[in-house]
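Sequence first, predicted model second:
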There are 2 protein chains.
Amino acid sequence: MGHTYEYARPALAVDVVVFALDDEDLQVMLIQRDLPPFAGQWALPGGFVRVAETLDAAAQRELREESGLEGIFLEQLYTFGDLARDPRERVVTVAYYALVNLAGHDVRAGTDAKNAAWFPVGELPDLAFDHCRIVDAALARLRGKVRYQPLGFELLPERFTLRQLQHLYEIVLGRPLDKRNFRKKVLGMGILKDTREIEKDVAHRAARLFRFDERAYERLKRRGFLFEL
Amino acid sequence: MGHTYEYARPALAVDVVVFALDDEDLQVMLIQRDLPPFAGQWALPGGFVRVAETLDAAAQRELREESGLEGIFLEQLYTFGDLARDPRERVVTVAYYALVNLAGHDVRAGTDAKNAAWFPVGELPDLAFDHCRIVDAALARLRGKVRYQPLGFELLPERFTLRQLQHLYEIVLGRPLDKRNFRKKVLGMGILKDTREIEKDVAHRAARLFRFDERAYERLKRRGFLFEL
DNA sequence: CCAAAAGTGTTAAAACTACACCCATGA
DNA sequence: TCATGGGTGTAGTTTTAACACTTTTGG
């Protein structure tokens, strides 16, 4: 066995930065490595791209294998190609970022990894390879993009309160927002559908539950509407 | 010679979409291929990444070798990894886009290519591989980014008139802008430096020449200023 | 009845849009 | 003197930002 090429080739990998929203902060999923290099250290889920597999498929597969997550929002971020990012040999990695709502999905350790866990984005441990840079890039992308595209809903359960939505934006953008102005603006867009249901089991007045109305959003977008928050 | 790996690896390439501004429209630089596959067809400048070369370096090198362009704005765009994008074998390509001002640089055909030429972005010939998709992605990125980052100046000579700047935005954004409002806004940002010079050899009143004030822009950015047009 | 969050309008300031004329220059 | 673009201000409208109290619910 073995594959021979005329010129040396970099290895090609994918890595995924998975974000989720806790009550308190934005979290990133990390995997504790059980193989060298960096055995025992925390790293992003990821691995090598197979020769007959698209990049998106590789990212999805690694995510599934290492964390059990499936069917979540996944988007290509940036490709990292520094010469010494992997001590073994030249590895170029196509980084992705993903958004998931913690309520709807369980994370379990997969076959390639000892352990998977969530860490607040501000308190990450030392990461293997250049994964720290990748997380920084993903965070910058999320912060920039969340204001102009309705990504935030991916971090919430299907039905959510306006308070949850505002809280999400406050955490991602890192600054407080005015409650009345926020509600006025987001309701005025016409992309939220009132489910006519309310929260349960809360120790205060229950809030209405909304759903992101994808159809309405697509319709508005075609008419030139721009999401902006 | 030959390099052997345990698992088959995709080949890794870079391709560059170079934009320049003509009086009339946005142009893209293409290379006429002299080797199969797609011999004789037009394609983006690009080629394989060497094993000891970063992605940015590979993009710069290919640009220099195939078009003679050097020292211009270059930014990673997206990585394309469809299975059949190259008929020979699996090739993943990291696409870049570049901005250049036509006045300051000559384009000449390089060693790997028969011919280099500019085409208006709306009238491109059939392109090799999936290069049409790559151009579309680059154009979308340029259109989106030019409003929020001072990229446009890369397409103009170092000293330019407000008319040239407005014209650039009209072409890239594809809609007319109001002259007075445009000037008010862009001058109000404080990122243009009046060179105290004026146009030469024009058959009408000569306009003042401005320069993009990088220092002022960086200073303002640190204080939370956001470029927006 | 207390704690906690839901829900709701107004006003002032700032930003945006639309719009038209005189000026300087070279041909 | 004509053609071409340079340069300039205002008014109406829209958007944004700041701000506080009453209501509902469960404990």
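Received, thanks. No experiment lies behind these values; they were computed from the predicted model shown. Numbering: from 1, shown residues only, chains lettered A, B, ... in the order given.

C-alpha only now, for contacts and for neighbours.
Will do.

In the sheet, which strands lie alongside the helix or strand in which A:Tyr96 is found, parallel or antiparallel?
Following DSSP states H and E, one finds A:Tyr96 within strand A:91-100. Sheet partners assigned to strand A:91-100 using DSSP bridges are listed as strand A:11-21 (parallel), strand A:73-80 (antiparallel).

ok, what's across the strand from A:Gly46?
Under the criterion used here (DSSP bridges), A:Gly46 is bridged to A:Asp15.

Whatever residue of chain A ends up closest to chain B pairs with what?
Nearest residue of chain A to chain B: A:Thr4, at 4.1 Å (C-alpha to the nearest C-alpha). A:Thr4 has the following beta-bridge partners by DSSP bridges: B:Thr4.

ok, how many other residues are close to A:Arg222?
When neighbours are defined as other C-alpha atoms under 10 Å in any protein chain shown, A:Arg222 has 9 of them.

Just want to check the distance between it and B:Arg90.
Computed as C-alpha to C-alpha, to the nearest Å, the A:Arg222 to B:Arg90 distance reads 36 Å.

quick one: contacts for A:Leu26?
By C-alpha atoms under 8 Å, 6 or more residues apart in numbering or on different chains, the contact list for A:Leu26 reads A:Phe19, A:Ala20, A:Pro120, A:Val121, A:Ile171, A:Val172.

The same query, at a cut-off of 7 Å, please.
A:Phe19, A:Ala20, A:Pro120, A:Val121, A:Ile171 (C-alpha atoms under 7 Å, 6 or more residues apart in numbering or on different chains).

what about it, distance to A:Leu173?
A:Leu26 is 11 Å from A:Leu173, by C-alpha to C-alpha.

A:Met1 now?
Counting by C-alpha to C-alpha, the gap from A:Met1 to A:Leu173 is 51 Å.

Who has more neighbours out of those two?
Ranked by neighbour count (other C-alpha under 10 Å), A:Met1 and A:Leu173 place A:Leu173 first, with 15 against 7.

The more buried one contacts A:Arg143, correct?
Yes - at 6.0 Å, A:Leu173 and A:Arg143 qualify as touching, with contact defined as C-alpha atoms under 7 Å.

Low-confidence stretches in chain A?
For chain A, the stretches flagged by pLDDT under 70 are A:108-114.

buried stuff in stretch A:86-96?
A:Asp86, A:Arg90, A:Val91, A:Val92, A:Thr93, A:Val94, A:Ala95, A:Tyr96 (16 or more other C-alpha atoms under 10 Å in any protein chain shown).

Tell me which two of those sit farthest apart.
Spanning the widest gap among these are A:Arg90 and A:Tyr96, at 19.3 Å by C-alpha to C-alpha.

Can you list the residue ranges for strands in chain A?
Taking DSSP state E to define them, one finds strands in chain A at A:3-5, A:11-21, A:26-33, A:42-43, A:46-48, A:73-80, A:91-100, A:113-120, A:159-160, A:192-198, A:208-212.

quick one: the last one to strand A:192-198, angle?
With axes from the mean of the first three to the mean of the last three C-alpha atoms, to 10 degrees as the criterion, the two stretches strand A:208-212 and strand A:192-198 enclose an angle of 150 degrees.

how much space between A:Ile171 and DNA strand D?
17 Å (C-alpha to the nearest atom of the strand, to the nearest Å).

Quick check: can you list the domain ranges of chain A?
What automatic domain parsing lists as the domains of chain A is A:11-145, A:154-222.

what's the most buried one of those?
With neighbours defined as mean count of other C-alpha atoms under 10 Å in any protein chain shown, the domains of chain A peak in mean count at domain A:11-145, which reaches a mean of 19.

close to DNA strand C, is that one?
No - Domain A:11-145 stays clear of DNA strand C (C-alpha under 7 Å from any atom of the strand), getting no nearer than 10.8 Å.

now that domain, how far from the centre of its chain.
Relative to its parent chain, domain A:11-145 has a centroid offset of 9 Å by C-alpha atoms, centre = their mean, to the nearest Å.

Could you pick out the residues of chain A near chain B for me?
A:2-11, A:51-55, A:78-79, A:81-83, A:90 (C-alpha under 7 Å from any C-alpha of the partner chain).

repeat that for 10 Å
A:1-12, A:48-57, A:76-84, A:89-92, A:94-95 (C-alpha under 10 Å from any C-alpha of the partner chain).

quick revisit: how big is the angle separating the strand holding A:Tyr96 from strand A:26-33?
130 degrees.

For strand A:91-100, C-alpha coordinates in PDB please.
The C-alpha trace of strand A:91-100 is given here as PDB (Å, rounded to 0.1, in the frame of the first residue of the first chain):
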ATOM      1  CA  VAL A  91      -0.400  20.200   7.400                       C
ATOM      2  CA  VAL A  92      -2.800  22.700   5.900                       C
ATOM      3  CA  THR A  93      -6.100  22.900   7.700                       C
ATOM      4  CA  VAL A  94      -9.500  24.300   6.500                       C
ATOM      5  CA  ALA A  95     -11.200  25.700   9.500                       C
ATOM      6  CA  TYR A  96     -14.900  25.700  10.000                       C
ATOM      7  CA  TYR A  97     -17.100  27.200  12.600                       C
ATOM      8  CA  ALA A  98     -20.400  25.800  13.800                       C
ATOM      9  CA  LEU A  99     -23.300  27.000  15.900                       C
ATOM     10  CA  VAL A 100     -25.400  24.800  18.100                       C
END
